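In: One predicted model, sequence on top.
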Amino acid sequence: MPRRSTNRDLVEVTVLALLLQQPRHPYELHRFILDTHKDYVSGLPRSLYHAVDRLAGEGLIEPVDTAREGRRPERTVYRITEEGRAELTTRLRRMLERPDPDTTVLTAAVSLMACLPLDVAESSLRTRVAALEGAVAGADATLTGLQESGLPRMLLLEVEYERAVRAAELAWLRGLLDDLRTGALAWPALPQEAGRRAAGDERQVSPPEDS
């Protein structure tokens, strides 16, 4: 049985993903979550501040600066650590790979999966597709067996429903993988990759030193 993810997990992985983009203070994180309608995050703002405290205590994020706007209190700016980057990858892969009865887990995973390298995201999605294919096949076998036993369809509706939900997700994921394979869905560069590319461009256009 896959481990059931909790809202605590989803808030923490969201904080890690947003800090992967750039350092932010908790109020900025709160505003970004609201502005981008990441409705799978609940319990705001308390859940967010608790997540920041836990992640900092575990060394997955660290304070780097303080910021003040007008007469408001100083706000601590956090950035993700190398340990935090590794943890984010691990958590996102797990969320993508393992079907979970809680549909908000997949909602969060696809919302944040651009934090992964493309090949890692594709591999994780293919793992999920394989699991769903097995689940749909299992549901088909269950339905066939129950129908052959003479049970009325009214008693099989819940199995039909679960099979339909899994099949719909499976079809969507296959389409998503096709779009990634063909380039119909563009994959953004990770923040650290974009920084390396910009530095490389600067080196290429820099004038040669005088001899």
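Out: Here it is on my side, so go on. Numbers count the residues shown, from 1 in each chain.
In: From now on I want contacts and neighbour counts done on CA atoms only, so please keep to that.
Out: Will do.
In: Against Leu10, how distant is the residue nearest the centre of the chain?
Out: Geometric centre of the chain, nearest residue: Ala109, 2.8 Å, by C-alpha atoms, centre = their mean. Applying C-alpha to C-alpha, to the nearest Å, the value for Ala109 to Leu10 is 9 Å.
In: residues contacting the residue nearest to the centre of the chain?
Out: Applying C-alpha atoms under 8 Å, 6 or more residues apart in numbering to Ala109 gives the contacts 92, 95-96.
In: same deal with Thr89?
Out: Counting by C-alpha under 8 Å, 6+ apart, Thr89 has contacts 115-116.
In: which SS state does it fall under?
Out: helix (DSSP: H, G, I helix; E, B strand; the rest coil).
In: which residues in the protein form helices?
Out: Using DSSP state H, the helices of the chain run over 7-21, 26-35, 46-57, 82-97, 103-112, 118-148, 157-182, 191-205.
In: which of those helices sits most buried?
Out: Highest mean neighbour count among those (mean count of other C-alpha atoms under 10 Å): helix 7-21, with a mean of 21.
In: Need the residues that contact it.
Out: 29, 40-42, 47-48, 51-52, 55, 61, 78-80, 84-85, 88, 91-92, 105, 108, 112, 115, 190-191.
In: do stretch 45-65 as well
Out: 8, 11-12, 15-16, 26, 30, 76-85, 87.
In: how does this protein divide into domains?
Out: 7-92, 117-191 (automatic domain parsing).
In: quick one: the last one to chain centroid distance?
Out: Mean C-alpha position of domain 117-191 versus that of the full chain (C-alpha atoms, centre = their mean, to the nearest Å) differs by 18 Å.
In: just for this protein, where's the confidence low?
Out: Across the chain, the ranges flagged by pLDDT under 70 are 1-7, 68-72, 191-211.
In: repeat that for 80
Out: Residues of the chain meeting the criterion pLDDT under 80: 1-8, 67-73, 190-211.
In: how about stretch 29-47 as CSV, C-alpha atoms only?
Out: Extracted as CSV, the C-alpha positions of stretch 29-47 are listed here (Å, rounded to 0.1, in the frame of the first residue of the first chain):
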residue,chain,number,x,y,z
LEU,A,29,5.7,32.2,-0.5
HIS,A,30,2.2,32.8,0.9
ARG,A,31,1.3,35.4,-1.7
PHE,A,32,2.7,33.2,-4.6
ILE,A,33,0.7,30.2,-3.5
LEU,A,34,-2.5,32.3,-3.4
ASP,A,35,-1.7,34.1,-6.7
THR,A,36,-1.0,30.9,-8.6
HIS,A,37,-4.1,29.1,-7.1
LYS,A,38,-2.3,26.2,-5.6
ASP,A,39,-5.5,25.2,-3.9
TYR,A,40,-4.2,21.9,-2.8
VAL,A,41,-2.3,23.7,0.0
SER,A,42,-4.6,24.2,2.9
GLY,A,43,-4.3,25.6,6.4
LEU,A,44,-2.7,28.8,5.2
PRO,A,45,-0.9,30.8,6.6
ARG,A,46,-0.1,28.7,9.7
SER,A,47,0.7,25.5,7.7
